[in-house]
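>>> any chance you could fold what I've pasted below:
(chains A and B)
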Amino acid sequence: MTALGDIAVEADEGERPWRRALRRLVRRRAALAGLAVVLFFIALAVLAPLVAPYDPLATDWAAVRKAPSAAHWFGTDEIGRDVLARVIWGSRASLLAGLVSVSLAVMVGVPLGLVSGYLGGAFDGTVMRLIDAMLAIPFLILAIALAAFLGPNLTNAMIAIGVSQTPIFARLTRGQVLSVKHEDYVEAARALGNPHRRIVLRHILPNVVAPILVQASLAAAAAIIAEASLSFLGLGQQPPDPSWGSMLNTAKNFIPQAPWMAVWPGLAIFLLVLALNLFGDGLRDALDPRRS
Amino acid sequence: MTTFLLRRLALILPTLFFVSVLIFGLQQLLPGDPALALAGEEQDPSVIAYLRQKYHLDAPLPVRYGLWIEGVVQGDLGESIRIKRPVRDLIAEKLPVTAELAALALVIALAIGVPAGILAAVKNNTAIDYGATMAALWGLSIPNFWLGILLILLFSVELGWLPASGFVSPEESLKQNLTTLIMPAFVLGNAIAAVMMRHTRSAMLQVLGADYVRTARAKGLSEKRVVLRHALRNALVPVVTLGALEFGALLSGAVLTEQVFTIPGFGKLIVDAVFNRDYAVVQGVVLCTAMAYIVLNLLADVAYVLINPRLRG
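Next comes the predicted model:
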């Protein structure tokens, strides 16, 4: 290795892991492009009242199913509402679903995985069988069943998606805890007489957080598709409030007459999910010490 | 192998128990009086009294679970409140439609995903690899119900080549059956193809660097023979077993695909049941799905041990 190479390696080794991960992330153009698109959609959702050209609920019977034009860039729907305004306002439901569902799954799944992995024994065995049982029911089927029994609306859809994603976080966290709980630094903390709570929160959690972050970004993408799917089935956001999934549900009845009604909300879901996946993949590569 | 099987079966029992508790527990999420909720729009007091008696709604929860699971074990999944038919019969009627759709989707996923994964691994770090990886990411990000709508727009509305919806059974006409299913199967297989491509690519990359592949090359074998006869055979082991785990994605996807293309399968049954507040059907479909997933998982594990000589013991 050259002298310059040695210096680079030394600098890399002396660097704090989070700073190194950030430096690696910044180098990944695809991940940055993904982050930029996600931030664009967040800005769109926050600024919806300012940037939407029309009221998303205002009907115009003189402009029913009009093709895209200078007045309506994305066209109008079956009752004359502006599709662009509805796509912009619909971003709120999707982003909210991504944020709330994943936060719920993380807040329940991560502590469950931490305690289960750390304690082991019968408690761990019971929790893992429960997790296996939840994972045995396909994600969307479980979300549909929960939304069906809880009642169809956006809040219940987010709860259903969050509950369905919880076992993934619990299992991931438990696996990570099992891989670090016998490391020297954890044994040392235990030998020093630290209480279990402190060992778990101060010594184990910071060392298992990287894969959880990656999973969270990928789970947000899955949650956005799940919310759109539930709304598409009529189990999420209820009309007339806009959501990309429910817009597609209506649009499928007008495919020959008004294809633009289906194109734009679908494209918005695709772009946001693609961006989150690109960012998640980049984050995984940046946080993985085995990848250079 | 016997020890492995026994241990694996022993683990299934508590999982099955928890699955049954979860599915039984769904009923407890219903707000208010379950008899009123179960009766749906039918608010006739005699129907409500009948439901209360039939589902032992006045009995304590553990007793109700015991009675419910006793019926399930004997194959009694309850009765559809809307259609007035046993849930078991409804599922048996709809399952073959979804099974055919899922099988076709899996064939399409394998036909696209595996060759694309091989090509991406063999041409690692070239434009072909980047293109295939990007295509897989697109496949994973595109909502399948939107892809369905776009394909209907192209192949049914614009070109008029394929029917936009409906289903013809293979007994009636195999040609029409395939014509109606090809588009939904492609939509459903698309995301699985992306997963298969990723699995195949990473398994092939690992295998292509192995000693025995280097030996095969050193013997002077052609690259095609090295890839297809030596590398692929070993790379496919994890791909096939991981493929079984995609069953859940296949069923979730089927719910949406059947809705877009109006296919009268398992997915449409659960969605219609949700809107008809036909809770016994919802529970029955979820239970059957979970059972099928658990059995497939077990078979995948057994297959993995059987194929992999190091694990046979």
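>>> burial count for residue 23?
This is for chain A. 12 (other CB atoms under 10 Å in any protein chain shown). Backbone N, C-alpha and C define where each C-beta goes, glycine included.
>>> meant chain B actually
Neighbour count for B:Ile23, taken as other CB under 10 Å: 24.
>>> same question for A:Ala145.
Other residues lying near A:Ala145 total 26 when counted by other CB under 10 Å.
>>> that one and B:Val281 touch, don't they?
No: in this structure, A:Ala145 is not within contact of B:Val281 by CB atoms under 8 Å, at 10.7 Å.
>>> need the residues touching each of these two.
B:Ile270 (CB atoms under 8 Å, 6 or more residues apart in numbering or on different chains).
>>> what does the stretch 1-150 of chain A put close to chain B?
Within the stretch 1-150 of chain A, the positions adjacent to chain B are A:126, A:129-130, A:132-134, A:136-142, A:144-150 by CB under 8 Å from any CB of the partner chain.
>>> not counting sequence-adjacent ones, nearest residue to whichever residue of the stretch 151-292 of chain A sits closest to chain B?
Per CB to the nearest CB, A:Gly266 is where the stretch 151-292 of chain A lies closest to chain B, at 3.4 Å. Residue nearest to A:Gly266 in three dimensions, not counting chain neighbours: B:Trp146, with 3.4 Å by CB to CB, 6 or more residues apart in numbering or on different chains.
>>> name the helix or strand for the one you found, please.
B:Trp146 is part of helix B:144-151 when elements are defined by DSSP states H and E.
>>> for that helix, output the C-alpha coordinates as PDB.
Taking C-alpha atoms only, helix B:144-151 is exported to PDB below (Å, rounded to 0.1, in the frame of the first residue of the first chain):
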ATOM      1  CA  ASN B 144     -48.600  -3.300  -8.500                       C
ATOM      2  CA  PHE B 145     -52.200  -1.900  -8.700                       C
ATOM      3  CA  TRP B 146     -50.800   1.100 -10.600                       C
ATOM      4  CA  LEU B 147     -48.800  -1.100 -12.900                       C
ATOM      5  CA  GLY B 148     -52.000  -3.100 -13.500                       C
ATOM      6  CA  ILE B 149     -53.900   0.100 -14.500                       C
ATOM      7  CA  LEU B 150     -51.000   1.200 -16.800                       C
ATOM      8  CA  LEU B 151     -51.000  -2.200 -18.500                       C
END
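>>> next secondary structure element downstream of that helix?
Next in sequence after helix B:144-151, counting helices and strands by DSSP H and E, comes helix B:174-208.
>>> just how off-centre is that following helix within its chain?
Centroid separation for helix B:174-208 versus its chain: 13 Å, with CA atoms, centre = their mean, to the nearest Å.
>>> now the angle from it to helix B:144-151?
120 degrees (axes from the mean of the first three to the mean of the last three CA atoms, to 10 degrees).
>>> buried residues, helix B:174-208. List them.
Neighbour counts over helix B:174-208 (16 or more other CB atoms under 10 Å in any protein chain shown) mark B:177, B:180-205, B:207-208 as buried.
>>> close to chain A, is stretch B:39-53?
No: using CB under 8 Å from any CB, stretch B:39-53 never reaches chain A; the gap is at least 12.0 Å.
>>> and that stretch, end to end?
End-to-end distance of stretch B:39-53 (CA to CA, to the nearest Å): 13 Å.
>>> stretch B:35-46 too?
11 Å.
>>> same question, stretch B:157-173
Using CA to CA, one end of stretch B:157-173 lies 23 Å from the other.
>>> what residue is smack in the middle of chain A?
For chain A, the residue nearest the mean C-alpha position is A:Ala220 (0.5 Å; CA atoms, centre = their mean).
>>> that one and B:Val255, how far apart?
According to CB to CB, to the nearest Å, A:Ala220 and B:Val255 sit 22 Å apart.
>>> cool, A:Gly280 as well?
Counting by CB to CB - A:Gly280 and B:Val255 are separated by 25 Å.
>>> likewise for A:Arg28?
The gap separating A:Arg28 from B:Val255 is 35 Å, by CB to CB.
>>> the two: which is more packed in?
Ranked by neighbour count (other CB under 10 Å), A:Arg28 and B:Val255 place B:Val255 first, with 25 against 18.
>>> helix, strand, or coil at the more buried one?
With DSSP: H, G, I helix; E, B strand; the rest coil as the basis, B:Val255 sits in helix.
>>> coming back round to it: helices and strands around the helix holding B:Trp146, which ones?
Packing partners of helix B:144-151 (3 or more CB pairs under 8 Å, 6 or more residues apart in numbering or on different chains; DSSP states H and E): helix A:205-232, helix A:244-251, helix A:260-287, helix B:174-208, helix B:247-260.
>>> contacts for stretch A:115-126?
A:127-128, A:170, A:173-178, A:181, A:196, A:199-200, A:204, B:14.
>>> kindly report the same for stretch B:210-223.
Applying CB under 8 Å, 6+ apart, the contact partners of stretch B:210-223 are B:122, B:207, B:225-226, B:229-231, B:234.
>>> and that stretch, how far apart are its ends?
With CA to CA as the measure, stretch B:210-223 spans 15 Å from end to end.
>>> so for that stretch, what gets flagged as buried?
Applying 16+ other CB under 10 Å to stretch B:210-223 flags B:213, B:216 as buried.
>>> what does stretch B:68-88 give?
For stretch B:68-88, a neighbour-count test (16+ other CB under 10 Å) marks B:68, B:72, B:77-83, B:86-88 as buried.
>>> now render the residues you listed as JSON lines, adding pLDDT.
Shown next, in JSON lines, are those (pLDDT from 0 to 100):
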{"residue": "B:Trp68", "pLDDT": "88"}
{"residue": "B:Val72", "pLDDT": "91"}
{"residue": "B:Leu77", "pLDDT": "89"}
{"residue": "B:Gly78", "pLDDT": "86"}
{"residue": "B:Glu79", "pLDDT": "85"}
{"residue": "B:Ser80", "pLDDT": "86"}
{"residue": "B:Ile81", "pLDDT": "78"}
{"residue": "B:Arg82", "pLDDT": "78"}
{"residue": "B:Ile83", "pLDDT": "82"}
{"residue": "B:Pro86", "pLDDT": "93"}
{"residue": "B:Val87", "pLDDT": "93"}
{"residue": "B:Arg88", "pLDDT": "93"}
